[in-house]
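Peer 1: Okay, here's the prediction I keep looking at, along with the sequence it came from:
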Amino acid sequence: IQAIPIYFMGMTPFAYRLIGVIFGMLLVLVIYYFAKLIFKNRLYAIFAGLLITFENFHLVQSRIGTSDSVLILFMVLSSLYMYKYICLKSNDKLKTKIVNLFLSGLFFGLSICVKWTGFYLGLGICIAFFVKFIFDLSTTSKKDYFKIIPLCVVFYILIPCLIYMLSYFLFPSMETRMVNNFSSLLLQIKDMYQFHSTLDASHPFSSRWYTWPIMYKPVWYHIAYTSNELKSTIAAIGNPAIWWFGIFAFIYVVISGIKQLDRDKLYLLTIILCLFLPYAFIGRVMFLYHYYPVIPFLILGITMFIKYINEKVGRTWIMYAYLGVVIVVFFMFYPVSTGIPVSNEYIESLKWFSSWIF
């Protein structure tokens, strides 16, 4: 996918970064649509879309030429169509159920083609599917389930595996590794797994999984000095007004979801935990960007929390005030997100913690 602009425009920074930017922009629209499905209210859908728009980490990762924004879009789309499926009633048309399951499985397959971390999402949507399966067992036609279960094997196992395998045969011939048959593909997968599972390395900007929600250690990408003593720097750091407030929103989703057995909150909670907790069992060096897939769902959780606050106080000014803070903080960190040259004194003023190095 990233090679498409390069094919037409050549290997230039603009060409190899273009797809990341496009997918980053598309994510804003998808989050808007996802929020509208959940809240059935355009105001909250716009609010969620604006949050991802003014999220510094999303801006950085969409512009640097990596595949992260492509991964995130596929993961959010997969979870969105699974959400549409679990919202269907047992007597809804079988065709509608199958279409949503197919699209969820398709985007799941595309996500694991980008990065293996897409499998974590697979765990979340699998849990959601079987919970709905159990609850609908007494009201759904047995005939429907005899069709749905085999099709899910196709949608979530066979099609993703097929997409994954075929994607390797799109690679050009390389001296280091040529994937031109099934055995060479298996060897490539084996080597990748061995590399990641046995990696024993350290990095000055690595961080442990439990420190990611507070952004303890941003990832520093770039530094340059201009002739007039201005500093240009880029760091993968999120919008503190979103990340830190998101911790409280997550706590609200946990308590409210369990207490009320709220379907939407429990689904969101399941996806967030499946995207985050697996890193507790990984020993290799990790970075803050591994938390990136959680951010879109955290934003939906923030929107739920803000909606609760609005209804509790009977006013919406808190939502607008919070959004104003988000936008102000976004532009405060904008030079660090984009590399715009500013004075070193200004950069230093943004280092709120000693572990923030950029």
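Peer 2: Good, I have the coordinates.

Peer 1: and the helix or strand harbouring residue 134, average pLDDT?
Peer 2: Using DSSP states H and E, residue 134 falls within helix 118-135. In this model, helix 118-135 has an average pLDDT of 94.

Peer 1: on contacts alone, who are the packing partners of the helix or strand following that helix?
Peer 2: Toward the C-terminus, helix 118-135 is succeeded by helix 142-153 as the next helix or strand (DSSP H and E). The contact analysis (3 or more Cβ pairs under 8 Å, 6 or more residues apart in numbering; DSSP states H and E) places helix 142-153 against helix 94-114. (C-beta placed from N, C-alpha, C; glycine too.)

Peer 1: which residues touch residue 73?
Peer 2: Counting by Cβ atoms under 8 Å, 6 or more residues apart in numbering, residue 73 touches 23, 26, 27, 30.

Peer 1: any idea which of the residues you listed has the most stuff around it?
Peer 2: residue 27 (25 neighbours; other Cβ atoms under 10 Å).

Peer 1: what about residue 224, helix or strand, and which?
Peer 2: strand 219-225.

Peer 1: from the middle of its chain, how far away would that strand be?
Peer 2: 24 Å (Cα atoms, centre = their mean, to the nearest Å).

Peer 1: which neighbours does that strand have in its sheet, and in what orientation?
Peer 2: As defined by DSSP bridges, the strand partners of strand 219-225 come to strand 231-236 (antiparallel).

Peer 1: which outside residues touch whatever helix or strand comes next after the partner strand?
Peer 2: The helix or strand immediately downstream of strand 231-236 is helix 240-260, counting by DSSP H and E. With contact meaning Cβ under 8 Å, 6+ apart, helix 240-260 is reached by 51, 54-55, 57, 213-215, 262, 265-266, 268-269, 272, 295, 298-299, 301-302, 304-306, 308, 322, 325-326, 329-330, 333, 352.

Peer 1: For PyMOL, write a command that selects the buried ones of those residues.
Peer 2: Restricted to buried positions by 16 or more other Cβ atoms under 10 Å, the PyMOL selection for the contacts of helix 240-260 reads:
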select buried, resi 51+54+55+57+213+215+265+266+268+269+272+295+298+299+301+302+304+305+306+322+326+329+330+333
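
Peer 1: Show me the contacts of helix 240-260 that map onto helices.
Peer 2: Among these, DSSP state H puts 51, 57, 265-266, 268-269, 272, 295, 298-299, 301-302, 304-306, 308, 322, 325-326, 329-330 in helices.

Peer 1: Wasn't residue 278 part of a helix?
Peer 2: Yes. Looking at residue 278 with DSSP: H, G, I helix; E, B strand; the rest coil, it is inside a helix.

Peer 1: How many residues are close by it?
Peer 2: 15.

Peer 1: Roughly how far does it sit from residue 28?
Peer 2: For residue 278, the distance to residue 28 (Cβ to Cβ, to the nearest Å) stands at 27 Å.

Peer 1: Could you do residue 18 as well?
Peer 2: Taken as Cβ to Cβ, the span from residue 18 to residue 28 is 17 Å.

Peer 1: again with residue 20
Peer 2: Going from residue 20 to residue 28 by Cβ to Cβ gives 14 Å.

Peer 1: For the two, indicate the residue with more neighbours.
Peer 2: Comparing residue 20 with residue 28 by other Cβ under 10 Å, the one with more neighbours is residue 20, at 21 against 18.

Peer 1: Which of the helices or strands spans that one?
Peer 2: Using DSSP H and E, residue 20 falls in helix 13-39.

Peer 1: Give me the residue ranges of the chain where confidence is low.
Peer 2: Along the chain, segments meeting pLDDT under 70 span 172-178.

Peer 1: Name the residue closest to the centre of it, please.
Peer 2: residue 293 (2.5 Å; Cα atoms, centre = their mean).

Peer 1: so what's that residue up against?
Peer 2: 71, 72, 75, 117, 120, 121, 275.

Peer 1: Touching, the fourth one and residue 68? I think so.
Peer 2: No. Counting by Cβ atoms under 8 Å, no contact exists between residue 117 and residue 68, whose distance comes to 10.0 Å.

Peer 1: So between the two, which is more surrounded?
Peer 2: residue 68 (24 against 17).
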